[in-house]
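Student: I'll drop the sequence and a predicted model, then ask my questions.
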Amino acid sequence: MFINYNSNPTDSKSYDTSRLREEFLTEDLFQDNQVKVVYSHIDRIVAMGVCPTEQVLKLDDVMDKKAFGTDFFLERRELGILNLGSKGVVRCKGETYTLEYLDVLYLGKGEENIEFESYDSAEPTSFYCLSAPAHHTYPSRIIRREDAKRVELGSQENANDRIITQYLHPDVLPTCQLCMGVTHLKPGSVWNTMPAHTHERRMEAYLYFNVKPSQVVFHFMGEPEETRHIIVRDKQLVLSPSWSIHSGCGTQNYSFVWGMVGENQTFDDMDFVDMNLIK
């Protein structure tokens, strides 16, 4: 498990490329036959890449009880699980959930004995997971790709024509604080989240995917008048503190998973940055 500590915006102004990547980027979240865990002190969010290629992977086997201070992972947490590969299976407390590509499973506080498995070992899957502290138990359930709330934003003229699919969202199901969804850029569009914004009341995590090997995404971060960029490739994770903008521009269209935790679940609670002020 990698522990990521919160960063001061004043200090981050002096970071070089290597330090920026070390502080905010996770390049190797997905590894065969492993559960890779990133525990962030930014609102205590946890991101995981789970790749059950040849065997069942058990979350309890990689949990650091000292780090979480609980007997099992979801004792005081909730969890969102997105399938980013072939058909996969998640088990907990005797229940079995089968997820197709881009289905999401929500597991509420108190779920135990969580296991991950590929439906067919010849076509292994990969799961992306986000977890946040929880104060209440809400029912676990699958949100199929077709059942997510779909919102279209942007325009071809501004190169940001995109489809937002909201899975863990108050309009779809109740959660304590975790919000999660996927944004797909349409062909010919490369910009996400422009004009850029911050939200002091929440942090955000971006996992970029559908980025071809010959392509990259320039992820922009930092305070609005002190921006920086990080080069991101397929299935790489960026953690964005509340003081930072979070926007990307790709060399081709791409997709990304966004997840938010913090003070509220109001999707449009954003402090937009005047394009005349951003630097």
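Tutor: Noted; the coordinates are in hand.

Student: To what extent is residue 110 buried, counted in neighbours?
Tutor: Look at residue 110: counted by other C-beta atoms under 10 Å, it has 16 neighbours. All C-beta spots, glycine's among them, are computed from the backbone N, C-alpha and C.

Student: no no, residue 136
Tutor: Using other C-beta under 10 Å: residue 136 sits among 10 other residues.

Student: for residue 250, same thing?
Tutor: The number of residues packed near residue 250 is 24, by other C-beta under 10 Å.

Student: That one touches residue 215, doesn't it?
Tutor: Yes. Contact criterion C-beta atoms under 8 Å: residue 250 and residue 215 qualify, at 6.4 Å.

Student: distance between the ends of stretch 34-46?
Tutor: The straight-line separation of the ends of stretch 34-46 (C-alpha to C-alpha, to the nearest Å) is 16 Å.

Student: Buried residues, it. List them.
Tutor: For stretch 34-46, the neighbour count (16 or more other C-beta atoms under 10 Å) marks 34, 35, 36, 37, 38, 39, 40, 42, 43, 45, 46 as buried.

Student: Work out for me the element the fifth one sits within.
Tutor: Residue 38 belongs to strand 34-40 when assigned by DSSP states H and E.

Student: Give me the helices and strands touching that strand, please.
Tutor: strand 2-4, strand 46-51, strand 236-240 (3 or more C-beta pairs under 8 Å, 6 or more residues apart in numbering; DSSP states H and E).

Student: got CSV for those strands, with distance to residue 274 too?
Tutor: Formatted as CSV, those follow (distance: least, C-beta to C-beta, whole Å):
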stretch, distance to residue 274
strand 2-4, 30
strand 46-51, 31
strand 236-240, 20
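
Student: Lowest mean pLDDT across those, which one is that?
Tutor: In terms of average pLDDT, strand 2-4 trails the rest of the helices and strands packed on strand 34-40, at a mean of 85.
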